[in-house]
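1. Whatever this is, show me its structure:
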Amino acid sequence: MISFQQALEKVISKTPKLPSDVMGTKQALGYALAKPVVALEEHPMYDLSAIDGYAVRQSDVADADEKNVIELKVIAKIPAGDHQKIRLEPGTAALVMTGAKLPEGSDAVIPLDYVKTKDNRVLINTGISHGENIRYKGSELRKDDGVLEPGNYITPGTVAMLAALGYPSVIVHKKPRVAVVTTGDELIDISQPAVEGKVRDSNAFFLESALQKAGIETYMIERVPDEAKLLLYAVSKSIESADIIIVTGGVSVAEYNVMEPIFSELGVEQHFWEVAINPNKPVFFGTIGNKLVFGLPGNPVVVGMLFYELVLPAILTMMGRRAVYLQRVNANLESTLTKRGGRLEFIRGYLSWIGDTWSVVPFMKQESHMMSTFAKSNCIIVFPESRDTMNKGEKVEVHLLPWFYD
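-> The predicted structure is shown next:
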């Protein structure tokens with residue numbers, strides 16, 4: 001049996017990045033860059049106005065104040081996109097809009113609110129600093145400057161940046177194909193009536209929706225009873241067609257450990273089988289070629305916890321992402337927690353910003369079958385293996401579930 005941290009490190013070390021592909025910038029949302037992005041030209045490409053105002057020669061208005069109103073002749077009106085060549089001579093100004101190219105000779109822009117106008121003249125009663133309200137050529141980026149690094153997740157902001165840089169397409173890592181196999185004689189479909197001894201297959205619904213939330217389409221979903229031939233066929237088909245295979249159920253102990261011999265027969269190399277976590281220690285991870293195989297317990301909450309803490313980091317690593325773990329914060333614990341030491345435990349909780357700090361409330365019902373509290377949770381509280389008590393009021397590590405900000 002290994003620690004959870006050792007298991008996580010093993011998973012990440014065994015996870016390859018998928019090959020890269022060229023994708024249109026509009027379609028690249030949700031992918032990760034495989035190649036760096038550099039500036040193809042200077043940004044801004046020319047000196048421009050940061051505001052609506054009057055471009056002036058700073059020396060013309062250096063002495064302006066309420067008692068010494070300076071009058072300048074307005075020689076032009078320059079909207080954004082107008083690249084006419086204009087030069088300010090002493091005693092002149094030009095009306096410029098935000099983003100407009102500055103006329104030659106100007107070195108400051110006075111806001112409209114600070115001036116009065118009369119006919120074709122502008123009256124200025126306040127001085128201004130050299131360079132004020134100007135965005136200089138290359139002040140954001142110089143040509144060939146690095147802008148985005150490999151592994152950057154492509155957000156709407158990234159798409160806008162790529163468009164501004166003139167990239168109609170980018171090189172990204174492909175997304176993995178994921179197959180899900182849920183096992184167990186007790187499983188029935190969502191549409192079937194409740195029957196004693198049977199449970200509806202919530203794991204399939206959870207995993208498909210969790211993958212969708214992560215931007216991954218489920219390649220195939222199979223529900224299979226505990227029959228060796230059927231399980232062998234389903235897992236074999238998954239390995240042939242997917243990059244990551246998630247199997248739930250059948251990873252228990254002794255005669256209930258139905259998946260281990262099937263993984264072995266299919267040539268899956270086992271990297272670990274037992275992990276020191278509560279409430280379920282049987283967790284399988286193996287590889288076959290560049291494909292990953294996860295065997296998770298059938299308990300729905302355990303599937304949820306392990307997906308976000310163990311499987312999702314592997315998926316994001318395979319996608320080439322740099323940030324692969326759930327966002328983490330420290331929060332005040334609102335009630336005391338106890339457990340037996342020696343194993344890590346993931347606790348369902350609800351995180352809020354109260355006053356000037358994070359505060360987290362653990363749910364009372366933490367049994368592995370209780371999906372009701374998982375449905376209400378927005379975070380995971382980490383209860384370290386070295387601890388048997390975490391006291392109310394102390395700072396604890398909290399992992400934000402992906403829907404925290406929704």
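2. who does the worst-scoring helix or strand of the chain on mean pLDDT touch, helix- and strand-wise?
-> In the chain, no helix or strand scores lower on mean pLDDT, DSSP states H and E than strand 187-188, which sits at a mean of 86. Counting contacts by 3 or more CB pairs under 8 Å, 6 or more residues apart in numbering; DSSP states H and E, strand 187-188 packs against strand 199-200. From N, CA and C alone the C-beta is placed, and that goes for glycine too.
3. helix or strand right after the strand it packs on?
-> Sequence order places helix 202-213 as the next helix or strand after strand 199-200, per DSSP states H and E.
4. Give the next helix or strand downstream of that following helix.
-> Next along from helix 202-213, by DSSP H and E: strand 218-224.
5. Would you mind pulling up the elements that the next helix or strand after that following strand packs against?
-> In the C-terminal direction, the helix or strand that comes right after strand 218-224 (DSSP H and E) is helix 228-241. With contacts defined as 3+ CB pairs under 8 Å, 6+ apart, helix 228-241 has these neighbours: strand 178-183, strand 218-224, strand 244-248, helix 259-265, strand 291-296.
6. chain center to the helix or strand just after the fourth one: distance?
-> When you say that, I think you mean helix 259-265. As assigned by DSSP H and E, the chain's next helix or strand after helix 259-265 is strand 269-274. Between the centre of strand 269-274 and the centre of its chain there are 29 Å (CA atoms, centre = their mean, to the nearest Å).
7. quick one, longest strand in this protein?
-> strand 344-354 (DSSP state E).
8. could you give the mean pLDDT of the helix or strand just after that strand?
-> Going down the chain from strand 344-354, the next helix or strand is strand 357-362, by DSSP H and E. Averaging pLDDT along strand 357-362 gives 97.
9. which parts of strand 357-362 are buried?
-> Trp358, Val360, Val361, Pro362 (16 or more other CB atoms under 10 Å).
10. Test my guess that the second one contacts Asn330.
-> It refers to Val360. No: contact between Val360 and Asn330 fails when scored by CB atoms under 8 Å: they sit 9.5 Å apart.
11. tell me, what's touching the two both at once?
-> Val396, Val398 (CB atoms under 8 Å, 6 or more residues apart in numbering).
12. Which element, helix or strand, includes the closest residue to Lys101 other than its chain neighbours?
-> Nearest residue to Lys101, sequence neighbours excluded (CB to CB, 6 or more residues apart in numbering): Tyr46, at 5.2 Å. Assigning secondary structure by DSSP H and E places Tyr46 outside every helix and strand.
13. Equivalent analysis for Phe404, please.
-> Going by DSSP H and E, Phe404 is not in any helix or strand.
14. how far away is it from Trp358?
-> 11 Å (CB to CB, to the nearest Å).
15. Find the residues that touch each one of the two.
-> With CB under 8 Å, 6+ apart, Phe404 and Trp358 have common neighbours Leu351.
16. Look up the residues forming beta bridges with the residue nearest to the spatial centre of the chain.
-> The chain has Tyr153 as the residue nearest its centroid, 6.6 Å off, counting by CA atoms, centre = their mean. Beta-bridge pairing for Tyr153 (DSSP bridges): Ala32.
17. Pull out the buried residues from stretch 175-190.
-> Lys175, Pro176, Arg177, Val178, Ala179, Val180, Val181, Thr182, Thr183, Gly184, Leu187, Ile188.
18. How far does that stretch stretch from one end to the other?
-> Distance between the two ends of stretch 175-190: 29 Å, counting by CA to CA, to the nearest Å.
19. just to revisit the earlier point, pull the number of nearby residues for the residue nearest to Lys101.
-> The tally of other residues near Tyr46 (other CB atoms under 10 Å) stands at 13.
20. what pLDDT does Ala94 get?
-> Ala94 is given a pLDDT of 97.
21. who are the neighbours in contact with it?
-> Contacts of Ala94 (CB under 8 Å, 6+ apart): Tyr54, Ala55, Val74, Ile75, Ala76, Lys77, Ile78, Ile86, Leu88, Pro103, Ser106.
22. same thing with Asn290?
-> Pro16, Asp243.
23. Now it: phi and psi?
-> phi -100, psi 10 (degrees, to the nearest 10).
24. and the residue lying closest to Ser352 once chain neighbours are set aside, bridged to which residues?
-> Closest residue in space to Ser352, ignoring its immediate chain neighbours: Ser359 at 5.4 Å, by CB to CB, 6+ apart. Beta-bridge partners of Ser359, counted by DSSP bridges, are Asn332, Ser352.
25. Assess the claim that Ser359 and Asn330 are in contact.
-> No: under the criterion of CB under 8 Å, Ser359 makes no contact with Asn330, lying 10.9 Å away.
26. neighbours around Ser236, how many?
-> Neighbour count for Ser236, taken as other CB under 10 Å: 14.
27. Would you mind measuring from the residue in the chain sticking out farthest from the centre to Val247?
-> Relative to the centre of the chain, and counting by CA atoms, centre = their mean, the farthest-placed residue is Lys67 at 56.5 Å. For Lys67, the distance to Val247 (CB to CB) stands at 84 Å.
28. check contacts around the residue nearest to Ser352.
-> By CB under 8 Å, 6+ apart, Ser359 lies in contact with Ala331, Asn332, Glu334, Leu351, Ser352, Trp353.
29. Which pair of these spans the longest distance?
-> Glu334 and Trp353 (13.3 Å; CB to CB).
30. out of those two, which sits in the busier spot?
-> Between Glu334 and Trp353, counted using other CB under 10 Å, Glu334 has the larger neighbour count: 16 against 10.
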